[in-house]
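Trainee: All I have is the shape, not the residue letters:
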């Protein structure tokens with residue numbers, strides 16, 4: 001019986017030691033925000049700005065959500081050539097989104113591509129990429145709103161020809177909706193401003209997230225066939241396209257970067273069920289690409305090896321210590337005080353550091369994520385590992401229409417140069433996510449329809 005208590009103590013002590021080393025290094029390498037002086041010089045040097053193609057794949061998207069996304073693209077302040085390709089991937093609600101398509105049909109910057117059948121997000125992206133010719137390609141999810149300066153700031157980062165991809169910072173547009181959306185918003189902040197920011201110090205962001213990621217076309221041209229033909233155990237792999245494409249970029253020798261002040265607000269799940277389905281899909285895609293990522297480590301900085309160890313061994317040690325503690329409680333009948341106190345202390349330290357860096361006390365509430373992680377996410381990851389061959393998207397279903405008596409058509413024609421958020425009755429500014437200087441922020445989405453919008457989450 002002492003073996004169980006010893007196992008729990010050793011596992012949780014190892015977890016605490018690894019987490020301390022990993023998180024300390026992560027905080028040390030977290031990259032500062034983009035230099036605003038360089039930002040101001042973009043376009044003033046007299047050089048021709050690169051052309052940008054924005055790809056927006058859509059499947060059964062809520063028409064209001066889609067309209068908000070497209071309006072934010074129409075309102076970009078980028079002075080170079082900007083073309084937007086909206087790819088409807090065989091949606092079953094095409095009649096509902098037709099008024100949105102009609103608004104932009106006569107805008108020369110927009111092209112509407114209607115696919116006859118649903119082919120999946122990856123193939124929809126590729127269809128638009130092969131139909132376009134811009135120097136840079138920006139992938140945007142159809143439930144995402146970009147701040148007016150996102151394209152400009154990402155183009156600024158992509159001026160280095162060694163950079164193959166760059167992502168912006170993600171926030172939850174529906175943050176104030178439920179306790180879960182508030183928690184996910186904090187999770188996004190930590191993932192962007194700790195994990196991605198530290199990886200970007202070495203030019204190796206391991207996943208340029210799908211809602212807002214820019215790619216160099218010349219690099220894409222080399223990788224598009226590999227990207228399209230990803231298989232896992234003989235089956236085509238559709239989800240996890242952002243992580244796989246990022247790893248292909250790194251494998252080809254390109255740098256991948258993070259731009260902290262390029263803000264993209266995306267809809268996140270507001271209920272536990274959709275959130276867990278999303279996490280299951282993400283866990284499967286992460287496991288599928290882990291082996292490919294491991295091959296890159298000898299060519300990258302040593303911190304990236306620590307990052308992979310911390311993200312994979314850390315949860316394993318936490319799971320082992322939790323199981324041993326539970327066995328100690330149920331079998332031996334003794335309370336695993338050391339395990340409980342150690343996990344609690346690690347949680348409070350991490351949340352306090354995040355609150356200090358973000359200058360927001362709300363991050364103390366992220367401590368709620370620890371029991372969710374232990375009792376829900378860790379078992380879910382174990383299940384994902386056992387079901388890697390399952391390629392079900394899990395969340396792709398038809399967005400419900402407006403409730404009876406609710407106005408469906410509240411779509412306005414975009415005015416270039418205006419913030420997309422200001423035209424949709426949005427109130428409350430999303431607080432700047434850890435910026436030390438006065439970067440622009442993006443106004444938060446206020447709920448303007450009564451039906452469930454979590455179905456739009458990719």
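Mentor: Ah, there it is. Given the structure is predicted, the values throughout are model-derived calculations rather than measurements.
Trainee: Every contact and neighbour count from this point should use C-alpha atoms.
Mentor: OK.
Trainee: quick one, longest helix in the chain?
Mentor: helix 2-29 (DSSP state H).
Trainee: avg pLDDT for the host helix or strand of residue 102?
Mentor: If you go by DSSP states H and E, residue 102 is part of helix 94-105. Taken as a whole, helix 94-105 has an average pLDDT of 95.
Trainee: and that helix, what does it pack onto?
Mentor: helix 63-74, strand 110-115 (3 or more CA pairs under 8 Å, 6 or more residues apart in numbering; DSSP states H and E).
Trainee: and with 7 Å instead?
Mentor: helix 63-74 (3 or more CA pairs under 7 Å, 6 or more residues apart in numbering; DSSP states H and E).
Trainee: Just checking the distance from the helix it packs on to the centre of its chain.
Mentor: 18 Å (CA atoms, centre = their mean, to the nearest Å).
Trainee: when you compare where the following helix or strand past it runs with where helix 63-74 runs, what's the angle?
Mentor: Toward the C-terminus, helix 63-74 is succeeded by strand 82-89 as the next helix or strand (DSSP H and E). If you take axes from the mean of the first three to the mean of the last three CA atoms, to 10 degrees, strand 82-89 sits at 160 degrees to helix 63-74.
Trainee: For residue 102, grab the count of nearby residues.
Mentor: 11 (other CA atoms under 10 Å).
Trainee: returning to what we had before: what helices or strands is the longest helix of the chain leaning on?
Mentor: helix 302-327, helix 337-358.
Trainee: Please identify the buried residues of that helix?
Mentor: 4-5, 7-16, 18-20, 22-23, 26-27, 29 (16 or more other CA atoms under 10 Å).
Trainee: Just tell me which of the helices and strands packed on helix 2-29 ends up closest to residue 223.
Mentor: helix 302-327 (22.9 Å; CA to CA).
Trainee: Which other helices and strands does that closest one contact?
Mentor: Using 3+ CA pairs under 7 Å, 6+ apart: helix 302-327 touches helix 2-29.
Trainee: Tell me which residue lies nearest the centroid of the protein.
Mentor: For the chain, residue 209 is the residue whose C-alpha lies nearest the centre (CA atoms, centre = their mean; 4.0 Å).
Trainee: Make sure that one is indeed in a strand.
Mentor: No. If the criterion is DSSP: H, G, I helix; E, B strand; the rest coil, then residue 209 is coil and not within a strand.
Trainee: could you dump the helices and strands packed on helix 2-29 to TSV with mean pLDDT?
Mentor: TSV is the format used below for the helices and strands packed on helix 2-29 (pLDDT from 0 to 100):
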stretch	mean pLDDT
helix 302-327	94
helix 337-358	95
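Trainee: Select, out of these, the one closest to residue 139.
Mentor: helix 302-327 (25.4 Å).
Trainee: and the longest strand for the protein?
Mentor: strand 255-266 (DSSP state E).
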